[in-house]
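> Any chance you could fold what I've pasted below:
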Amino acid sequence: MITHVTQNTCDVIIKRLGKKSDDSNNAVCKPRPMLIKFLSGLSKSEFMKNLKRLKSAPEKFRKIYVKHDETPIEREATRNLLKEAAKQNSENLSKNEIYVVRGPPWSKKIVKIKKKIQ
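This is a model prediction of the structure:
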């Protein structure tokens, strides 16, 4: 999967999280998450920027999603921002705009975007 996104794979440490399933029926097992640790911030930045390449990767990689690993403090800050965005959406009288939380964990913010018309 990593080779489909970036060329630089030498400074990556990959670790499986969670317990391995003892169930002999592997078709029913839920996939375990992976922690990918980059030894340099530049490598992580390049990887996150090129994630759009997964859409054109083989079928088994297309359903993979990647997100930043957040500390408990960052998760709490994200939760608070989501509550604030929901509050602004409930107060918003405009039907074609909504408030959402965007950005990396260290600089998340609430932004107003146009609602997709279906």
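> Give me the distance between the two termini of stretch 39-58.
One end of stretch 39-58 sits 27 Å from the other (C-alpha to C-alpha, to the nearest Å).
> chain center to it, what's the gap?
Relative to its parent chain, stretch 39-58 has a centroid offset of 12 Å by C-alpha atoms, centre = their mean, to the nearest Å.
> just stretch 64-79 next, same as before
Centre-to-centre, stretch 64-79 and its host chain are 8 Å apart (C-alpha atoms, centre = their mean).
> any idea how far the residue most central in space within the chain lies from Arg75?
Among the residues of the chain, the one closest to the centroid is Lys67, at 2.3 Å (C-alpha atoms, centre = their mean). As for Lys67, its distance to Arg75 is 11 Å (criterion: C-beta to C-beta, to the nearest Å). The C-beta positions use only the backbone N, C-alpha and C, and glycine is treated the same way.
> now Arg16
Separation of Arg16 from Arg75 (C-beta to C-beta): 21 Å.
> what's the answer for Phe61, then?
27 Å.
> neighbour-wise, which of those two wins?
Neighbours per residue (other C-beta atoms under 10 Å) separate Phe61 from Arg75, with Phe61 holding more: 15 against 11.
> which element is the more buried one on?
Using DSSP states H and E, Phe61 maps to helix 59-62.
> right, and the helix or strand after that helix?
helix 72-91.
> Who are the packing partners of the following helix or strand past that following helix?
Reading on from helix 72-91 to the C-terminus, the next helix or strand found by DSSP H and E is strand 97-102. Packing contacts for strand 97-102, counted by 3 or more C-beta pairs under 8 Å, 6 or more residues apart in numbering; DSSP states H and E, involve helix 72-91, strand 109-114.
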